[in-house]
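*Asks:* I would like to see how this sequence folds:
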Amino acid sequence: MRRRKACDACHSKKIKCDLALPKCDWCHHQGAPCTFMGNLRAKGPDLAESPTDPGTLPNNNPTTRATSTDTPETFRDHSVKPRTRILPGVCFGRLHFAGHALGNISSYNGIPFFSEQGKRWIRSCTGRDAVFPDPPGDLVLQDPPPEETSLPSEQVVQECLAFFRNSHLKLEFPLVDPTMFQDTICLAYGQCPGASPSEIHIAKASVFAFLSVISFFEGERPPLVVDGDECALKARHLLSASPQELGITTLQTALMLALHQLFSGQIPFCSIYISLAVRVMFMLGGHTLPDPWTNPGETNAESLAGWRPTEARHLRKLFWLCYTLDKEVSLRTGQPPAISDDHCDLTLPDGYLSMQYLDEWQYADIARLDDSPVPLLPGDLRLTMIKSKACKLLYSAEALRKSDADLLRDIRELDEELERWRLSVPPKHRPVLALSQSAMWTPETPRSIRTVVIHFEYHYLMATIHQATSRCRAWTASESREMDSVRSSLALAVEASRSTVLSLRTAVHSLLEDASWTLIFYPMSAVTTIFCNILWDPLNPRSQQDLALLDAAPEFIRRIRWRRMTESEMQHLRVADDFLAELARLGKHAMDKARQELDMHNHLRLWGA
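*Replies:* Predicted coordinates:
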């Protein structure tokens, strides 16, 4: 029998265990069961240390902690073991704050993986060891083949297409052209004599991918008799079996699969399918296609690179969707974008700006907007272009080598461009520079998910731009003429992060379940910045308010109206919940430690020590 050195939770976390009974210090403070499997007899010298993976034992997961009595049961059950693990070598975004390189950021939901250096900094500020939950790790690069790929009844697909045709979804996410997609349905159901097997395969893949996206949007759509995740699995299988089909159908299939993964919170998967969609889009010429909405009466196949006007408009919409998702994923993950702006025609369609913030389209007869000459698309393409510049100027490999002066110049120019964009937005929809603690949506403020998302995107981009100053060498230099600019820039990043969390608090009732995983990234990133600011300046007069935001953040996220979640998604949400609770705990310890040290300093000075 080997002498026990740590309870199972501390052993799996690799933290020092005081071996107290009935519970060690860590398990006592986390409200977790304290168990010892190290007393088991074992033939080998190492077997007793790990006879069973602690994560597989009920009520023995080290991420379990006490929660409030109104927390749903799904948040308290931590016995589900992740089915897969993150592959080694996957690159995530980097986390810096005030000159500290703290670790990496998960592209699933923005939860940091603090490095040992980052954990040492946390320990020095709080006097406590950080005990963060293990990441769920759902990235798998090979799907098990589906048992069969037969389509549901055609009536189900037609009902979903009718829902899409008569909803605003087709305006913001024009993933299929309803008329062209009708031909795809005919192909998929074998109603086109002479079609090749590969054409039928890719048509079926497109139908399954379409159903997988529609499954996220409830509203007035008919009840689905198919499972969206299962449809996505079948679409991926059929897509991989049709490598020779590289037309618009393949492009929209890959794009719909990317969107399904984004809405599921599987951003690494989303990145993979975005890359595939982008390469096909390049082959089809969508990135350089002339504006097919300009003078529509005069357009012809010759002026549109051989495409018919309907095909050209759909292809160009798919390009803008690829561009939007690619830049979003790149900004979240820190990975290079698949699309280089220098190789694309980024001319906005005539009339695009006047269409973006009109309230009329939200209440208009959708059928009348079928032939609208201007695409709406998600978000604001001008804001997406600023995201692209931020990725290149602040977070590329070249940007990491810039001097402080060059980095601050680029930050200032991006900030000015972002402000010009903000002022161009009509006041009714315009994001404010900073939300106050008492800020609420006014009756005049549109509560559409589109406006809410644009507010999140603005504040997140503001924080992302200014937080790049955390990499400046001025933080470690004894004297630096850039120090004032660096500090004020970081303060703007923190303020923008506060506004992000406050936006979530005030808009949570407007958030629909179909957008939940798309939006959760923003508050996760924001609370991490707020937490780091508490550690860096715990005696700041606003630290108590910031701690209150950390305390409240889990409840904001729980109040989002979540759709039915898979086991994997529930695991992600549990990890996010535990992570936020740990930030609040550590933030409180940092403030307590700073006050105690200040009191001790004042006491010693008073007595002349």
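
*Asks:* Please tell me the pLDDT value assigned to the residue lying closest to residue 289 once chain neighbours are set aside.
*Replies:* Closest residue to residue 289 apart from its sequence neighbours, by C-beta to C-beta, 6 or more residues apart in numbering: residue 316 at 5.2 Å. (C-beta placed from N, C-alpha, C; glycine too.) Note on residue 316: pLDDT of 92.

*Asks:* Residue 316 reaches residue 287, doesn't it?
*Replies:* No - using C-beta atoms under 8 Å, residue 316 makes no contact with residue 287, being 9.4 Å away.

*Asks:* hmm, back to that, next one: the residue nearest to residue 289 relative to residue 171, how far apart?
*Replies:* 15 Å (C-beta to C-beta, to the nearest Å).

*Asks:* And residue 288, by the same measure?
*Replies:* From residue 288 across to residue 171, the span is 25 Å (C-beta to C-beta).

*Asks:* now residue 461
*Replies:* Separation of residue 461 from residue 171 (C-beta to C-beta) stands at 23 Å.

*Asks:* repeat for residue 471
*Replies:* As judged by C-beta to C-beta, residue 471 and residue 171 stand 39 Å apart.

*Asks:* likewise residue 256?
*Replies:* Taken as C-beta to C-beta, the span from residue 256 to residue 171 is 16 Å.

*Asks:* Comparing those two, which residue is more hemmed in?
*Replies:* With neighbours defined as other C-beta atoms under 10 Å, residue 256 and residue 171 compare such that residue 256 has more, 27 against 20.

*Asks:* how about the nearest residue to residue 96 once chain neighbours are set aside, what does it touch?
*Replies:* In this structure, residue 96 finds its nearest non-sequential neighbour in residue 470, 3.8 Å apart by C-beta to C-beta, 6+ apart. Contacts here follow C-beta atoms under 8 Å, 6 or more residues apart in numbering; on that basis residue 470 touches 96, 97, 98, 99, 100, 490.

*Asks:* helices and strands of this protein: which one bottoms out on pLDDT?
*Replies:* Sorted by mean pLDDT, DSSP states H and E, the helices and strands of the chain end with helix 73-76, the least confident at a mean of 32.

*Asks:* Which residues outside the helix or strand just after that helix are in contact with it?
*Replies:* Using DSSP states H and E, the next helix or strand after helix 73-76 towards the C-terminus is strand 93-97. Under the criterion C-beta under 8 Å, 6+ apart, residues 101-105, 107, 112, 114, 118, 332-335, 395, 467, 470-471, 490, 528-529, 532-533, 536 lie in contact with strand 93-97.

*Asks:* Any of the residues you listed buried? List them.
*Replies:* By neighbour count, with 16 or more other C-beta atoms under 10 Å, the contacts of strand 93-97 hold 102-105, 107, 112, 114, 118, 332-335, 395, 467, 470-471, 490, 528-529, 532-533, 536 as buried.

*Asks:* how many other residues sit next to the spatially closest residue to residue 292 that is not a sequence neighbour?
*Replies:* Nearest non-adjacent residue to residue 292, counting by C-beta to C-beta, 6+ apart: residue 312, 4.0 Å away. Counted with other C-beta under 10 Å, the neighbours of residue 312 add up to 24.

*Asks:* Ok, residue 125 next?
*Replies:* Close neighbours of residue 125, defined as other C-beta under 10 Å, add up to 20.

*Asks:* so what does the helix or strand where residue 207 lies touch, helix or strand wise?
*Replies:* Element membership for residue 207 (DSSP H and E) is helix 197-214. Using 3 or more C-beta pairs under 8 Å, 6 or more residues apart in numbering; DSSP states H and E, the elements in contact with helix 197-214 are helix 154-165, helix 178-188, helix 228-240, helix 248-263.

*Asks:* which parts of it are buried?
*Replies:* Judged by neighbour count (16+ other C-beta under 10 Å), helix 197-214 contains these buried residues: 199-214.

*Asks:* Look up how far residue 179 lies from residue 285.
*Replies:* Taking C-beta to C-beta, one finds residue 285 at 21 Å from residue 179.

*Asks:* what do you get for residue 463?
*Replies:* In this view, residue 463 and residue 179 are 42 Å apart by C-beta to C-beta.

*Asks:* Residue 210 now?
*Replies:* Separation of residue 210 from residue 179 (C-beta to C-beta): 14 Å.

*Asks:* Check residue 551 too.
*Replies:* Counting by C-beta to C-beta, the gap between residue 551 and residue 179 amounts to 52 Å.

*Asks:* Those two: which is more packed in?
*Replies:* It is residue 551, of residue 551 and residue 179, that has more neighbours when counted by other C-beta under 10 Å, with 16 against 11.

*Asks:* Tell me the confidence at the closest residue to that one other than its chain neighbours?
*Replies:* Excluding the flanking residues, the one nearest residue 551 by C-beta to C-beta, 6+ apart is residue 584, at 4.9 Å. Residue 584 is assigned a pLDDT of 92 by the prediction.

*Asks:* The residue nearest the centre of the chain and residue 408, how far apart?
*Replies:* Centroid-nearest residue in the chain: residue 521, 3.9 Å away (criterion: C-alpha atoms, centre = their mean). Distance, residue 521 to residue 408, by C-beta to C-beta: 27 Å.

*Asks:* cool, and residue 321?
*Replies:* For residue 321, the distance to residue 408 equals 34 Å [C-beta to C-beta].

*Asks:* next one: residue 471
*Replies:* Using C-beta to C-beta, residue 471 is found at 11 Å from residue 408.

*Asks:* next one: residue 245
*Replies:* Note on residue 245: its distance to residue 408, by C-beta to C-beta, is 49 Å.

*Asks:* With residue 276 instead?
*Replies:* Using C-beta to C-beta, residue 276 is found at 38 Å from residue 408.

*Asks:* Same check on residue 327?
*Replies:* Between residue 327 and residue 408 the computed distance is 23 Å (C-beta to C-beta).

*Asks:* The two - which one has more neighbours?
*Replies:* residue 327 (26 against 19).

*Asks:* Who are the contact partners of that one?
*Replies:* Contacts for residue 327 were tallied using C-beta under 8 Å, 6+ apart; they are 337, 339, 384, 387, 388, 391.
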